[in-house]
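**Q** missing the sequence, but the structure's below:
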Ligand SMILES: [Ca+2]
Ligand SMILES: [Ca+2]
Ligand SMILES: [Ca+2]
Ligand SMILES: [Ca+2]
């Protein structure tokens, strides 16, 4: 049962509204899938911004996706209810690129997904929230989630897609696909994303695909992303536009284990890497692509060939994922600030920032901890034109399997890193693994260390310590 009324709006406020259409409020008073579906259909038909208030007590189980096919902004406001499904479907989708504001809701998929119990075998894997931008979209898509929990879906927890290839859109630097002129703004406040993306390859907690013109701007506060099958957060920005993020009071924990190492141990050839003299072996002599596993895309196989076609080297590895992963391609920079955040026990890097094309990396880690990640704690890699500027203030990298902190700058451009009141220890179980700073090709490199304890040492190339 739904009732509709115009939202009371003062004359003074009206003067400040950018659009002539006022937001309507639809109150859903019955706890049922049909009532919510009706409200979404009414909102789509109204062609004005709509606020749907879930004004019922109790939870709702749905069998199909709650789809909003309108283009006008939609707010879906709950008061702590759970919307769950036992089916492998996307819970909430804005199919026409509408601005979406969701608050006070838990969205729960069936759970129990693993690489051995996949959700993508008989059709697409369900997501938590999906916003698909239109090919002709302009401006900035605004997505806001506050006091929201997403769990138990086979694919992405939250997916915002401005990419013509939809789920086949690869990473931002090398990924294919084109996009609209629009950019994407994403805000998460007090959001929990847990146990998502464990039923398909590359199922991130939060995933943004931004192609064509337009930038990504992310504001993430007081949130937790844990046990996502792939990256906790992946922001892929291809084409013109920056990748900008503020991450405050946020935890990224135990993400990236869809390709569970124990399940693939026996499938990886032994030895898992080898090098050869020119003319020694052909590709037919080395182990071929791995087949017959729960998901063969988990096993990466890299082969380097000499000019004469003989094999120079091969390497097999598992595709595990990061706490937070930015890929920035084309024009534009990575600009990120972390404040009071924890990046812990992710299966690849903790922070993995890659910037290519024009533009640099400008990052600040303040009161932030990276510990126990399988590879590097913080990895920042920049190439082509552009510089690297980094700050670590009262931050630490401890017990990571790779380096503690990496800043790499290639091609034209400088590297300037300041480390104050920070510490690294126990990374990679060896020496010179606390901070790696590399400046290559044209440019200068400077690392300033003040009142910091880099117990496992530094590894510098083209960089002076001040
Ligand atoms: Ca775009
Ligand atoms: Ca870009
Ligand atoms: Ca660059
Ligand atoms: Ca350089």
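**A** Looks like it came in fine. Nothing here was measured: the structure is a model prediction, and the numbers come from that model. Numbers count the residues shown, from 1 in each chain. Ligands and ions are numbered 1, 2, ... in the order given.
**Q** Now for whatever residue of the chain ends up closest to ligand 3: which residues touch it?
**A** The chain approaches ligand 3 most closely through residue 386 (3.1 Å), counting by C-beta to the ion. Glycine gets a C-beta too; all of them are placed from N, C-alpha and C. Residue 386 makes contact with 333, 355, 358-361, 412-413 under the criterion C-beta atoms under 8 Å, 6 or more residues apart in numbering.
**Q** Next up, phi/psi of the nearest residue to residue 410 once chain neighbours are set aside, please.
**A** Leaving aside its sequence neighbours, residue 410 sits nearest to residue 383 (C-beta to C-beta, 6 or more residues apart in numbering; 4.1 Å). Here the main-chain torsion angles of residue 383 (degrees, to the nearest 10) amount to phi -140, psi 170.
**Q** Spell out which parts of this protein neighbour ligand 2.
**A** By the rule C-beta under 5 Å from the ion, the part of the chain lying against ligand 2 is 237, 241, 330, 332.
**Q** Top of these by number of neighbours, please.
**A** When the residues of the chain next to ligand 2 are compared by neighbour count (other C-beta atoms under 10 Å), residue 237 ends up highest, at 32 neighbours.
**Q** pLDDT weak spots in the stretch 151-300 of the chain?
**A** Applying pLDDT under 70 to the stretch 151-300 of the chain flags residues 170-176.
**Q** where exactly do the helices run in it?
**A** For the stretch 151-300 of the chain, the helices defined by DSSP state H, counting those that start in this stretch occupy 261-264.
**Q** Let's see the distance spanning stretch 192-209 from one end to the other.
**A** Taking C-alpha to C-alpha, to the nearest Å, stretch 192-209 runs 20 Å from one end to the other.
**Q** Surely residue 297 and residue 319 touch.
**A** Yes - with contacts counted by C-beta atoms under 8 Å, residue 297 reaches residue 319, the gap being 7.2 Å.
**Q** Which one of those two is surrounded by more residues?
**A** The neighbour comparison of residue 297 against residue 319 (other C-beta under 10 Å) goes to residue 319, with 18 against 13.
**Q** Now do the buried residues in stretch 245-263.
**A** Buried residues in stretch 245-263, defined by neighbour count with 16 or more other C-beta atoms under 10 Å: 245-248, 250-260, 263.
**Q** gap between the two ends of that stretch?
**A** 35 Å.
**Q** Can you give me the neighbour number for the closest residue to ligand 4 within the chain?
**A** Closest to ligand 4 within the chain is residue 443: 3.2 Å, counting by C-beta to the ion. Using other C-beta under 10 Å, the number of residues around residue 443 comes to 18.
**Q** just residue 373 next, same as before
**A** So residue 373, with other C-beta under 10 Å, has 33 neighbours.
**Q** show me what contacts residue 187?
**A** 142-146, 218-220.
**Q** The residue nearest the centre of the chain pairs with what?
**A** Centrality entry for the chain: nearest residue to the mean C-alpha point is residue 234, 1.6 Å, by C-alpha atoms, centre = their mean. The partner list for residue 234 in beta bridges (DSSP bridges) reads residue 207, residue 325.
**Q** What of residue 408?
**A** Applying DSSP bridges, one finds that residue 408 bridges with residue 381, residue 438.
**Q** dump the residue contacts of it.
**A** 380-382, 388, 436-438, 440.
**Q** What pLDDT does the model give it?
**A** We have a pLDDT of 98 for residue 408.
**Q** Tell me which residues touch residue 332, please.
**A** So residue 332 contacts 215, 237, 240-243, 357-359 (C-beta under 8 Å, 6+ apart).
**Q** Report the separation between it and residue 442.
**A** 21 Å (C-beta to C-beta, to the nearest Å).
**Q** Ignoring the adjacent residues along the chain, who's closest to the residue of the chain closest to ligand 3?
**A** That would be residue 360: by C-beta to C-beta, 6+ apart, it lies 3.4 Å from residue 386.
**Q** per-residue confidence at the one you found?
**A** Looking at residue 360, its pLDDT stands at 98.
**Q** pretty sure it contacts residue 384?
**A** No - using C-beta under 8 Å, residue 360 makes no contact with residue 384, being 9.5 Å away.
**Q** who's more crowded, those two?
**A** For residue 360 versus residue 384, neighbours defined as other C-beta under 10 Å are more numerous around residue 360 (22 against 15).
**Q** got the contact list for the more buried one?
**A** So residue 360 contacts 333-334, 382, 386-389, 413 (C-beta under 8 Å, 6+ apart).
**Q** Check residue 215 too.
**A** 183-184, 237, 241-244, 332.
**Q** mind putting these in CSV, distance to residue 465 included?
**A** Formatted as CSV, the contacts of residue 215 follow (distance: C-beta to C-beta, whole Å):
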residue, distance to residue 465
183, 39
184, 39
237, 32
241, 35
242, 30
243, 29
244, 30
332, 31
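**Q** Of those, which pair is most distant in space?
**A** Maximum pairwise distance among the contacts of residue 215 (C-beta to C-beta): 13.1 Å, between 184 and 332.
**Q** so how far is stretch 400-415 from its chain's centroid?
**A** The chain centroid and the centroid of stretch 400-415 are separated by 21 Å under C-alpha atoms, centre = their mean, to the nearest Å.
**Q** Could you do stretch 136-145 as well?
**A** 17 Å.
**Q** got the domain boundaries for this protein?
**A** Domains of the chain are assigned by automatic domain parsing as 1-72, 73-254+322-465, 261-318.
**Q** Deepest-packed of those, please.
**A** Ranked by mean neighbour count, these are led by domain 73-254+322-465 with a mean of 22 (mean count of other C-beta atoms under 10 Å).
**Q** Point out the residues in this structure that sit beside ligand 3.
**A** Residues of the chain lying near ligand 3 (C-beta under 5 Å from the ion): 359, 384, 386.
**Q** what about the last one, distance to residue 357?
**A** It refers to residue 386. When residue 386 is compared with residue 357 (using C-beta to C-beta), they lie 8 Å apart.
**Q** still on that earlier bit, out of the contacts of residue 386, who's near ligand 1?
**A** Answer for these near ligand 1: none qualify (C-beta under 5 Å from the ion).
**Q** so which of these would you say is closest to ligand 2?
**A** The closest of the contacts of residue 386, once distances to ligand 2 are taken by C-beta to the ion, is residue 359, at 6.6 Å.
**Q** So for that closest one, what's the nearest residue that isn't a sequence neighbour?
**A** Nearest to residue 359 is residue 333, by C-beta to C-beta, 6+ apart, at 3.8 Å.
**Q** show me what contacts that neighbour?
**A** Under the criterion of C-beta under 8 Å, 6+ apart, the neighbours of residue 333 are 242-243, 355, 359-362, 386.
**Q** okay if I get those residues as JSON lines plus secondary structure?
**A** Shown next, in JSON lines, are these (DSSP: H, G, I helix; E, B strand; the rest coil):
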{"residue": "242", "secondary structure": "coil"}
{"residue": "243", "secondary structure": "strand"}
{"residue": "355", "secondary structure": "strand"}
{"residue": "359", "secondary structure": "coil"}
{"residue": "360", "secondary structure": "coil"}
{"residue": "361", "secondary structure": "strand"}
{"residue": "362", "secondary structure": "strand"}
{"residue": "386", "secondary structure": "coil"}
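**Q** Which two among these are spaced furthest apart?
**A** Pairwise across those, and taking C-beta to C-beta, the largest span is found between 243 and 386, at 12.7 Å.
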